[in-house]
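K.L.:
After the sequence you'll find the predicted model.
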Amino acid sequence: HKNGIRGEIDMKKKAVALMLSAVMVMGMASAVSVQAGVADKTLIVGFDAEYPPYGYMDESGEYTGFDLELAQAVCDLEGWTLDKKPINWDSKDMELNSGSIDCIWNGFTINGREDDYTWSDSYLNNEQVMVVAADSGIEKLDDLAGKNVVVQAASAALDALNSDDNKDLTASFASLTENPDYNTAFMNLDSGAADAIAVDIGVAKYQLSQREEGKYVILDEPIQSEEYGIGFKKGNDELKDTVWEEVLKLYDAGEVDKLAEKYEVADMLCIGDDEKSDDKKDDAAEDDASDADTAKEDTADTAKDAE
């Protein structure tokens, strides 16, 4: 009888163990799917809420911007819900690696971070530039020697200034101060606490369009040229491929161009540049062939005239 009871207990233990194993497997599958943005049909995009025109809060209190509208269009095609999650920019890696966001999509520079994320292809060409007061007398980067420069913390502009290519430039500043966002940076420029702001050109153009006309200028000489992409957790190729495929569909349909015009970044768009260059090569080859045919006809006509 004791053996019978022991057998029942063993059977129950095995059943419980099997149930726990099944729960663990389901949990693991769920975690993978959620990170891939599939199981719960929700794409969680991390962005800096004070980074117009890519991501910011509009006058009605809604989060919008070029990148966020593009992300919404991707979600509409996939039947997903877009969860716009504002993050502290210097905490972006922690947010991504913990799974609290699925990707970083917000004027995110690829250059110098190539091995840190799983990247989409680039979709915007960008430049890091300096913004100064129009009456400052500062006309080129060399004029920033002995000046106070501000930049957003953990930004691509900061990375550019700290790069080997710009070490002499940065060493010439009286100071380089990190600000939490560019609204603070412009307050420092207005107050005279700063002489220049290092910033992405798209953000610079937007900020200047929202402020007193003619008060600021962007220096012609860029600090650095770079490209924007969508950054996913390292190894999350499934979600990257799905999202980028939809972006390309939107580009082919002309929707990306419309958004780029709306947010005044059309001149920075670089999706399809390779295809365009191939088309130009094909057109050039056709022109060469046509010219060759014309030359043959001219030669034949000349020969007939000679006869």
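P.N.:
Received, thanks. Numbers count the residues shown, from 1 in each chain.

K.L.:
Counting neighbours, what do you get for Val199?
P.N.:
Counted with other C-beta atoms under 10 Å, the neighbours of Val199 add up to 28. From N, CA and C alone the C-beta is placed, and that goes for glycine too.

K.L.:
need the next SSE after the particular helix or strand that has it in it, C-terminal direction.
P.N.:
Assessed by DSSP states H and E, Val199 sits inside strand 196-200. Per DSSP H and E, the first helix or strand lying C-terminal to strand 196-200 is helix 201-209.

K.L.:
Tell me which stretches of this protein form helices.
P.N.:
2-35, 66-78, 92-98, 156-162, 167-172, 182-191, 201-209, 237-252, 255-262, 273-306 (DSSP state H).

K.L.:
Check these for me: which has the lowest mean pLDDT.
P.N.:
Ranked by mean pLDDT, these end with helix 2-35 at the bottom, a mean of 45.

K.L.:
Show me what Tyr56 is bridged to.
P.N.:
Going by DSSP bridges, Tyr56 is paired in beta bridges with Glu50, Thr64.

K.L.:
Wait, it touches Asp67, no?
P.N.:
No. The criterion here is C-beta atoms under 8 Å, and Tyr56 misses it with Asp67 at 10.2 Å.

K.L.:
The two: which is more packed in?
P.N.:
When neighbours are counted by other C-beta under 10 Å, Asp67 comes out ahead of the other of Tyr56 and Asp67, with 26 against 21.

K.L.:
what residues are up against that one?
P.N.:
Applying C-beta atoms under 8 Å, 6 or more residues apart in numbering, we find Asp67 in contact with Val45, Phe47, Tyr54, Gly55, Trp105, Asn106, Gly107.

K.L.:
from these, which would you call buried?
P.N.:
Neighbour counting with 16 or more other C-beta atoms under 10 Å marks Val45, Phe47, Tyr54, Gly55, Trp105, Asn106, Gly107 as buried within the contacts of Asp67.

K.L.:
Now for the first one: which residues touch it?
P.N.:
I take that to be Val45. Contacts for Val45 (C-beta under 8 Å, 6+ apart) come out as 67-68, 71, 82-85, 101-106.

K.L.:
Pick the one among the residues you listed closest to Ala194.
P.N.:
Distance to Ala194, by C-beta to C-beta, is smallest for Asn106 among the contacts of Val45, at 23.7 Å.

K.L.:
Just the pLDDT for the residue nearest to the closest one when sequence neighbours are not counted.
P.N.:
Once flanking residues are discounted, Asn106 sits nearest to Phe47: 3.7 Å by C-beta to C-beta, 6 or more residues apart in numbering. Per-residue confidence (pLDDT) for Phe47: 98.

K.L.:
quick revisit: I'd like the buried ones among the contacts of Asp67 written out as JSON lines, with distance to Leu250 added.
P.N.:
Listed next are the buried ones among the contacts of Asp67 as JSON lines, based on distance: C-beta to C-beta, whole Å:
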{"residue": "Val45", "distance to Leu250": "15"}
{"residue": "Phe47", "distance to Leu250": "18"}
{"residue": "Tyr54", "distance to Leu250": "16"}
{"residue": "Gly55", "distance to Leu250": "18"}
{"residue": "Trp105", "distance to Leu250": "14"}
{"residue": "Asn106", "distance to Leu250": "18"}
{"residue": "Gly107", "distance to Leu250": "18"}
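
K.L.:
That concludes my questions; thank you for your assistance.
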